[in-house]
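Chemist: sequence and predicted model, in that order:
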Amino acid sequence: MLSVTHTASLFGVDAFMVAIECNVSRNLPAFEIVGLPDMAVKESKQRIMTAASSAGLLLPDAEITVNLAPADRRKEGSALDLGIFAALCRSCGIIPENARLDTMCFIGELSFTGDVRRVRGALNMALAAAGAGIC
């Protein structure tokens with residue numbers, strides 16, 4: 001199932017909106033993140049899967065593909081963890097389809113225990129979300 005959530009990323013001190021598209025399909029297990037992620041964003045796979053396991057969530061053995069749009073802008077840092085996790089939970093049916101995720105901007109790093117950690121530039125990201133009408 002395909003799902004979309006919103007987050008923001010930084011370019012210097014300026015923030016820009018990022019749409020997170022997640023698809024879970026019944027293929028061989030894999031977890032790919034595309035859309036110019038830096039190493040910290042690529043490492044979010046491990047933080048997300050460990051946080052889900054710590055929370056007792058059963059994620060399927062499936063092919064998980066995450067696209068970060070716009071694809072032509074580099075995404076940096078761990079602030080995208082929470083948005084990717086929310087999109088994945090929606091795609092797996094953990095978050096129901098009628099939840100209004102399109103009105104929210106998910107900003108935060110996940111710890112292995114599932115706690116949400118603060119991130120650098122959160123205020124600028126929140127202002128970008130408000131400017132985009134997502135808040």
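Modeler: Yep, it's here.

Chemist: how about stretch 78-97: buried residues?
Modeler: 78-92, 95 (16 or more other Cβ atoms under 10 Å). Every residue, glycine included, has its C-beta placed from N, CA and C.

Chemist: quick one: mean pLDDT over the longest strand anywhere in the chain.
Modeler: Criterion DSSP state E: the longest strand present in the chain is strand 14-25. Mean pLDDT, strand 14-25: 98.

Chemist: now for that strand, which elements pack on it?
Modeler: strand 2-11, strand 63-69, helix 81-91, helix 122-131 (3 or more Cβ pairs under 8 Å, 6 or more residues apart in numbering; DSSP states H and E).

Chemist: relative to the whole chain's centre, how far out is stretch 39-49?
Modeler: Stretch 39-49 sits 10 Å away from the centroid of its parent chain (Cα atoms, centre = their mean, to the nearest Å).

Chemist: kindly report the same for stretch 85-100.
Modeler: That offset, for stretch 85-100, works out to 12 Å (Cα atoms, centre = their mean).

Chemist: pull the CA atoms of it into PDB?
Modeler: The C-alpha trace of stretch 85-100 is given here as PDB (Å, rounded to 0.1, in the frame of the first residue of the first chain):
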ATOM      1  CA  PHE A  85       8.300   5.800  10.400                       C
ATOM      2  CA  ALA A  86       4.800   7.300  10.100                       C
ATOM      3  CA  ALA A  87       4.600   6.600   6.400                       C
ATOM      4  CA  LEU A  88       5.700   3.000   6.900                       C
ATOM      5  CA  CYS A  89       3.200   2.500   9.700                       C
ATOM      6  CA  ARG A  90       0.400   3.800   7.400                       C
ATOM      7  CA  SER A  91       1.600   1.500   4.600                       C
ATOM      8  CA  CYS A  92       1.500  -1.500   6.900                       C
ATOM      9  CA  GLY A  93      -1.900  -0.700   8.200                       C
ATOM     10  CA  ILE A  94      -0.700   0.200  11.800                       C
ATOM     11  CA  ILE A  95      -2.000   3.700  11.300                       C
ATOM     12  CA  PRO A  96      -5.500   3.600   9.800                       C
ATOM     13  CA  GLU A  97      -6.200   5.100   6.400                       C
ATOM     14  CA  ASN A  98      -8.700   7.600   7.900                       C
ATOM     15  CA  ALA A  99      -6.000   9.300  10.100                       C
ATOM     16  CA  ARG A 100      -5.300  12.800   8.800                       C
END
